[in-house]
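J.: I would like to see how this sequence folds:
(3 chains, ligands or ions: 2)
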Amino acid sequence: MRDKNNIKPGQIQGQKNLWEMVIGLEIHAQISSNSKLFSGASAQFGKQANENVSLVDAAMPGMLPVINEYCIKQAIKSGHALNAKINKFSVFDRKNYFYADLPQGYQISQYKSPIVGQGSIKINDFENNEKIVGIERLHLEQDAGKSLHDQHPSKSFIDLNRTGVALMEIVSKPDLRSPEEAASYVKKIRSILRYVRSCDGNMEEGSLRADCNVSVRRLGEEFGTRCEIKNLNSTKFITQAIQYEAERQVEILEEGGKINQETRLFDTSTGQTRSMRNKEDAHDYRYFPDPDLLPLELEETLINKIKDELPELPDKLSERLINEYKITPYDAAVIVEEREFADYYEIAAQDRDGKLVANWMITELFGAIKKENLSFNDNPVPPQNLNELVFLIENNTISGKIAKEVFLQMMKTSKKPKDIVKEKGLEQVTDDSVIEGYIDSVINDNRDKVEEYLNGKDKLFGFFVGQVMKVSQGKANPNLVNQLLKSKLK
Amino acid sequence: MNNENKINSSSLAKLARLARLEINKDSEDNLIKDLNEIIGFIDQLNEVNTDNVHPLSSVTGHELPLRKDEVIDGDINEKILENAPEQISGYFVVPKVVE
Amino acid sequence: MSELLRLNVSQVLEGIRKKEFSAVELTRCYLDRIEKTKVLNMYLEVSADRAIKMAQIADEKYKNNTARLLEGIPIGVKDMFCTESIKTTASSKILENFVPTYESTVSKKLWEEGAINLGKLSCDEFAMGSSNETAAKGNVINPWRSEEKRSPGGSSGGSAAAVASKSALCAIGTDTGGSIRQPAAFCGIVGMKPTYGRCSRWGIIAFASSLDQAGPLTRNISDSATMLKVMAGHDPKDSTSSLENVPNFNDFLDKGVKGLKIGIPKEYDRKGISEEILKSKEKVIDFFKQNGAEIVNVSLPLTKYALSVYYIVAPAEASSNLARYDGVRYGLRVDGDSLDIMYEKTRGVGFGDEVKRRIMIGTYVLSSGYYDAYYLKAQKVRRLIKNEFDEVFKKVNYILTPTTPTTSFKLGSTQDLLTMYLNDVFTVPASLAGIPGISVPVDLDKNGLPIGVQILGKPFDEGGIFQVGKVIEDSANFDLFSEGSYK
Ligand SMILES: [Mg+2]
Ligand SMILES: [Zn+2]
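T.: Residues are numbered from 1 along each chain as shown, chains lettered A, B, ... in the order given. Ligands and ions are numbered 1, 2, ... in the order given. This is a model prediction of the structure:
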């Protein structure tokens, strides 16, 4: 039997066999538009129930959909960002099913002819190798409303604020092989959509949710029967749900059982998946082209124009940052995770030592933000200030150690580092005679140690450096201190 | 006309379930008869050769009109709820749904 | 009957302008008439107070010389149009208490031109029927030979009967497979189904979205042209609404048919059609010849498949359009222990038999395994039918056909489903092709029941259809006030 430690992520050692997960994701990403896909009601989170609802959203008799141009453009842009083919001809279909938060009794979606066809993105697998994940399609559809089941003992409450908000459903190929890969795929999609600003990616608010299709197979064999876990809204839950589900399937298969193709729910409190209650309804969505709409025909020039306007995407940007600023791939990966980080970094690193700025940003700035529980955009240190701080280090105005003190003040007061240094008199001392003065006083106070040092106890050199720095209140230039101490102690 | 019955009691039940229609037991036989009669009638389309014919879903000659992304609707809670058979605190209310 | 009830639209507009009578007087006349014709069961809702108020405003406008196109014209509205603060039910139990908070685009356009809303007219439930027998509130009785209790046709049976019985000066209806033209023929009036996309569908309760069109039902061609001018036009709230310019249709009326080519499709002389109707058609051909038109024999061989296409496409769309009637947000709710039971009971009780049949057929033809064989196939044949019309219209300007295979039948006399469906056999092809068509009354049959003929034209050529229709009207001299019409 295989050693448990040799098992890679995404593999499961059963009693009899070694199994591998096969995962495909359907991501639902809400388009950040002002109004809904087919109505003029606001697409924002409503303050009150049924506030952002038009007669169209409530499916009043005789109401008709009219499509939002902006949403179409966002889908095209996102499609380009996923390196996908944009279809010049696409069709809006009705997906028919009954549910309390689906007022029309059908969802307007795209079935046979989606607006965006096949594409691919790059993720990093568990060994940090690049992996290409195929995108099957991206299509436009309406979001459903919300049912609240916990407000009343025998009733569910229906809020239609979310009804009709534009969604992009992004379907991956079954290319993912571990929960970690799935999580990394979701993060990458999220990051790309945020870069092109088609979706805010706010998973907590449900702007981005994933359905996970999970199956298992013995290594290298045919795909098994899959189950779909619905509506996961964090990468943590995605990881947990997939792991649980795959293990559940392995257990069944090893006992000679069969997997039922079904839709399952993830219970965040138990970490388990369970079959949805109404699964006995064999779904038959009876898709057909929505006769209230016409096919969407796109001009080549529009498709190309949107492509030309695409911002720099994380992969390209990361490559450029590594080359231009000489930072490590790790630093670059952290910095490009959010477009805001990268924008910040490029301002902070202008004319500075890129690696030094990256260190400051990743360690000190992110550390402080995390500690203070701030959002990145609310952080009190504008990139110009970080740039200035690094400049002060580079030109020896302050030492790295003092810089940390200055940085704490910057976080607290939002002041410019130059002003803080001036106010507190933190400029580095680089005047030889002043430093010699410090050294003299240290030598005077430590005659015995000087004796020992001169007698060969070299280790004491560090002690003298420390004492001099202490006397200078940390402001002495450490290089000069070293240099001058060496000549004094001959 | 095709005499083979495409709808029977069990397929009727399945369709009725999909359409969320309660069918009275005593009208079931008639409904099955009617549906089979209609299906027999529409089956005559098999006589028409439609090879290489592109399906027509809209006779409209123009392109899909697009709307500007502006909020010009909503904020009409009262109108939305005015005809509701049951409402509590601004929500529509239905029998409890267990997922 | 008050003499005022005999006036057509242009006569009314002139009469009020010349202060021969007021809009309020005229409206009162119509409201009285509605009372007297109650036995015909046409109005589901009479909005008397509102009508008087609207008439008062109309009189003001005449006084100020700001009268609009239809100032003071009393109109009845098919119950498929949503009317603000007036109950709108589609003649269905499932909407028995529904009061829209909005006004359909088409009806709104009428009120904005000064027309007066008399109330809501019965129709087949959700416009599904050809006899008005599927209405939840009972049949409308055809005003012709009313003692014989005959069908006014359907689904706009209430609209046609109201105009024919002078209980509305004009009415509006919807036509999905013949629902304006067939009842117009049965009731001896003019019924126009415009090109698909001509009138906005916004606010009209949807039956089959790719076929539904609103249109006027009137006593004559000129009224029809005046009404359509107001009803038509682009609506940004309906994606299928056309951008085509709306001409002044009345400008076409005196142009005659000289030099026009009128096609007579041989396939419309089918078995089962009444001899008298065929005779009327021949009579109309003679009118055309006398007025200098050229008669051309044409062929539309796919006509016989049109009904099959229709009975796939319309139910399919209807099954989806009617899914919103679920007892959650408006309309009837029948309680149940679970959401699904509530749905099933609500819809089981709320929909009548014909609606249920069509929902079931629609569900069937769209369901997995049957989609290609039925729905997709029907869409393909629909394309061929449209192509066939396109081809014929390269050879002729207009097509003449009977509107219906028979004249009005006695209510309850048609037991057989397919026989009932055959009522629309001549009107459905134009609906599938999206082209405009009109039914014009020509004659009475030996039982004293009206016979209509249908003129079909190219998309957006309603003007030309009125032009041809006017020649029929002038030659036929059909009298809506003759013996046998409701006194
Ligand atoms: Mg899914
Ligand atoms: Zn989806």
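
J.: and the residue of the stretch 51-200 of chain A found nearest ligand 1, how far is that from residue A:75?
T.: Closest approach of the stretch 51-200 of chain A to ligand 1 (CB to the ion) occurs at residue A:169, with a separation of 7.2 Å. All C-beta spots, glycine's among them, are computed from the backbone N, C-alpha and C. Separation of residue A:169 from residue A:75 (CB to CB, to the nearest Å): 10 Å.

J.: now residue A:89
T.: The spacing between residue A:89 and residue A:75, counted by CB to CB, is 14 Å.

J.: which of these two has more neighbours?
T.: More neighbours surround residue A:75 than the other of residue A:89 and residue A:75, with 28 against 10 (other CB atoms under 10 Å in any protein chain shown).

J.: Show me what the helix or strand the residue of the stretch 51-200 of chain A closest to ligand 1 falls within pairs with in its sheet, parallel or antiparallel.
T.: In this structure, residue A:169 sits in strand A:166-172 according to DSSP states H and E. The strands beside strand A:166-172 in its sheet (DSSP bridges) come out as strand A:18-30 (antiparallel), strand A:130-142 (antiparallel).

J.: could you check whether the last one is close to ligand 1?
T.: I take that to be strand A:130-142. No. In this structure, strand A:130-142 remains apart from ligand 1 according to CB under 5 Å from the ion; the gap is never smaller than 10.2 Å.

J.: C-terminal to that strand, what's the next element?
T.: strand A:146-148.

J.: So which elements touch that next one?
T.: Contact analysis of strand A:146-148 by 3 or more CB pairs under 8 Å, 6 or more residues apart in numbering or on different chains; DSSP states H and E lists strand A:155-159 as its packing neighbours.

J.: What distance do you get for residue A:11 to ligand 1?
T.: Look at residue A:11 and ligand 1: by CB to the ion, to the nearest Å, they are 26 Å apart.

J.: Pull the number of nearby residues for that residue.
T.: Around residue A:11 there are 17 other residues, counting by other CB under 10 Å.

J.: which residues does it contact?
T.: Neighbour list for residue A:11: A:18, A:19, A:20, A:21, A:178, A:219 [criterion: CB atoms under 8 Å, 6 or more residues apart in numbering or on different chains].

J.: can you pull out the helices in chain B?
T.: B:9-18, B:25-42, B:77-81 (DSSP state H).

J.: Can you add mean neighbour count, mean pLDDT and distance to residue C:274 and give those helices back as CSV?
T.: CSV is the format used below for those (neighbours: other CB atoms under 10 Å in any protein chain shown; pLDDT from 0 to 100; distance: least, CB to CB, whole Å):
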stretch, mean neighbour count, mean pLDDT, distance to residue C:274
helix B:9-18, 17, 95, 37
helix B:25-42, 16, 96, 22
helix B:77-81, 18, 98, 50
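
J.: just so I know, which of those lies nearest residue A:247?
T.: Nearest to residue A:247, of all the helices of chain B, is helix B:9-18, at 34.5 Å by CB to CB.

J.: Please pick out the residue of chain C most distant from its centre.
T.: For chain C, the residue at maximal distance from the C-alpha centroid (CA atoms, centre = their mean) is residue C:337, at 41.1 Å.

J.: Now do the contacts for the closest residue to it other than its chain neighbours.
T.: Distances taken as CB to CB, 6 or more residues apart in numbering or on different chains place residue B:95 nearest to residue C:337, at 6.4 Å, with adjacent residues excluded. Residues in contact with residue B:95, defined by CB under 8 Å, 6+ apart, are A:154, A:155, A:156, C:335, C:336, C:337, C:338, C:339, C:341, C:342.

J.: Whichever of those residues end up buried, select them in PyMOL.
T.: The following PyMOL command selects only the buried members of the contacts of residue B:95, with burial defined by 16 or more other CB atoms under 10 Å in any protein chain shown:
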select buried, (chain A and resi 155+156) or (chain C and resi 336+339+342)
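
J.: Just the ones of the contacts of residue B:95 in helices?
T.: Applying DSSP H to the contacts of residue B:95, the entries found in helices are C:339, C:341, C:342.
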